[in-house]
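Asker: my questions are about this predicted structure, shown below with the sequence.
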Amino acid sequence: MKGKNIITERDRQATERRLLKTVGEMIAENGFEKIGINAVANCSGVSKVLIYRYFGSVEGLMAAYIRQHDFWINFSLELPDRSQLPLFLKTMFRREIEQLRSNPVLKRLYRWELSSENEMIVKIREQRERTGLKLIEKVSSLTGFPEKEIAVMASILTASITYLVMLEEFCPVYNGIALDGDSGWEQINEGIETLIDKIFADDRKKH
């Protein structure tokens, strides 16, 4: 009986991976608007019964894709000491941009998320919020900056990055910055790094 349970669990994991891969390919090709349970079942070769059992709905499947690839949900909260924190933050934002820009499916699903308000999306937002609050708390502890100030700066940066990445395929230029090419995004990265340097330089002057 124990062996059967192990095999069943492995089968489920393989089926879930197949479904997540399939829904990603379908969204990449046609967007999320036409995704339906029948289409996913036909493309994946997985029965509708299993899709409902494992994910609850097509929306649950798309939410699972977000959860699997979301930068902040999967972010490690292991921070360096204070002397290495500026470099750590610069690298963190650079990686966020790279990851989101390289995943067109996730960009489309973020747009879907903005227009959705169901229990699965609420849970995803709660997961991000928990990570964000823990990160803010740790940065505040390392730097001595009030958590309220860090929360505002972090919100402005992360929200701007997400918005601009979602916008890049529809709006090639924003405030003179070329969103449709690597040079524009390097300009954004350099601007973020300059901001971080100024924040920590001002902090050093206070001490």
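Answerer: Sure thing, it's come through.
Asker: CA atoms for contacts and neighbours, from now on please.
Answerer: Fine.
Asker: with adjacent residues omitted, what lies nearest to the residue positioned nearest the centre of the chain?
Answerer: Closest residue to the average C-alpha location of the chain: residue 70 at 2.8 Å, with Cα atoms, centre = their mean. Among residues not flanking residue 70 along the chain, residue 106 sits closest, at 7.8 Å (Cα to Cα, 6 or more residues apart in numbering).
Asker: so where does that neighbour fall, helix or strand?
Answerer: helix 104-114 (DSSP states H and E).
Asker: what's the angle from the helix or strand following that helix to helix 104-114?
Answerer: Using DSSP H and E, the helix or strand that follows helix 104-114 in sequence is helix 119-143. Relative orientation of helix 119-143 versus helix 104-114 (axes from the mean of the first three to the mean of the last three Cα atoms, to 10 degrees): 100 degrees.
Asker: quick check: buried residues in helix 119-143?
Answerer: The neighbour-count check on helix 119-143 (16 or more other Cα atoms under 10 Å) flags 120, 121, 124, 128, 131, 132, 135, 136, 137, 138, 139, 140 as buried.
Asker: check which helices and strands it sits against.
Answerer: Helices and strands touching helix 119-143, by 3 or more Cα pairs under 8 Å, 6 or more residues apart in numbering; DSSP states H and E, are helix 58-69, helix 147-167.
Asker: packing partners of the helix or strand containing residue 13?
Answerer: In this assignment (DSSP H and E), residue 13 forms part of helix 2-30. Judged by 3+ Cα pairs under 8 Å, 6+ apart, the packing partners of helix 2-30 are helix 37-44, helix 58-69, helix 104-114.
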